[in-house]
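Novice: I would like to see how this sequence folds:
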Amino acid sequence: MADPERPQREEEEEEASSAAAAGEDEDTGAQVAPIVKLEEVAVTTGEEDEEVLLDMKAKLYRFDKEGNQWKERGTGTVKLLKHRESAKVRLVMRQAKTLKICANHLVVATTKMQEHAGSDKSCVWHALDYADGELKEEMFAIRFGSVENCKKFKETVDEIAESLDKNEEKESKEASSTAELIEKLAVSEEKKEESVEKEATPEGDDKKE
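Specialist: Okay, the predicted model is just below:
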């Protein structure tokens, strides 16, 4: 036998369900404060006081002396940065995704880029590197996507090194000239003092009776 109250109960349940749904969609105007407030933090890279001389994508390798083999150091961006005050140039390379530093050293007068045997897209060089937080003698190899980029990188580094070498040679000559001048002045002063002492000594003092 059919239940006469069933349609009414179903209708009441539908109304209750619709009311609940309407209540969920209704905007009460209440504002919920976030549990954690995030503040903007200024991120510094240490490159703010430097001028970018070169910026290229490349893959870096370091030579593992113990294993006697090349090991990949990272793929990312290599930069040559010139400090605006000291004019020193450093080579910095960061990994693409993590931005971890995989090379960080000064370009000095003795920095010499050499073509990697069997590849005109690669260069090899030695450096005192500080990427791991301590100075270490490293041998690096870097590979570019084109011969042109490799050539530009090598030429730029070589130009910087040659410029530093000329400056050091000039400073050495100036220092040598200054030293020679000081030495000559010192000798001249000594002779002058000897001459004054002789003039100050009366003649014949040793012949007094």
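Novice: Tell me what residue 76 is bridged to.
Specialist: Here residue 76 sits in beta bridges with residue 58, residue 95, as judged by DSSP bridges.
Novice: Kindly list the single helix or strand of the protein that scores lowest on mean pLDDT.
Specialist: One helix or strand of the chain scores below all others by mean pLDDT, DSSP states H and E: helix 6-25, with a mean of 57.
Novice: And the helices in this structure, which stretches?
Specialist: 6-25, 147-200 (DSSP state H).
Novice: Least reliable of those by average pLDDT, please.
Specialist: Among these, helix 6-25 carries the lowest mean pLDDT, a mean of 57.
Novice: Quick check: residue 101 vs residue 46, distance?
Specialist: Distance, residue 101 to residue 46, by Cβ to Cβ, to the nearest Å: 9 Å. Quick note: C-beta positions are derived from backbone N, CA and C, even for glycine.
Novice: Between those two, point out the one with more neighbours.
Specialist: residue 101 (19 against 11; other Cβ atoms under 10 Å).
Novice: ok, the more buried one - contacts?
Specialist: 92, 93, 94, 131 (Cβ atoms under 8 Å, 6 or more residues apart in numbering).
Novice: Closest one of those residues to residue 62?
Specialist: Checking the contacts of residue 101 against residue 62 with Cβ to Cβ, the nearest one is residue 131 at 9.2 Å.
Novice: what's the neighbour count on that closest one?
Specialist: Neighbours of residue 131 (other Cβ under 10 Å): 21.
Novice: Over to residue 69?
Specialist: When neighbours are counted by other Cβ under 10 Å, residue 69 comes out with 9.
Novice: tell me the pLDDT at it?
Specialist: 96.
Novice: and what of residue 48?
Specialist: With respect to pLDDT, residue 48 has a value of 88.
Novice: Start at 10, not 1
Specialist: Done: numbering now begins at 10, and the last item shifts to residue 57.
Novice: how far away is it from residue 117?
Specialist: 23 Å.
Novice: Of these two, which one has the most company?
Specialist: Ranked by neighbour count (other Cβ under 10 Å), residue 57 and residue 117 place residue 117 first, with 16 against 7.
Novice: which residues touch the more buried one?
Specialist: 170, 173.
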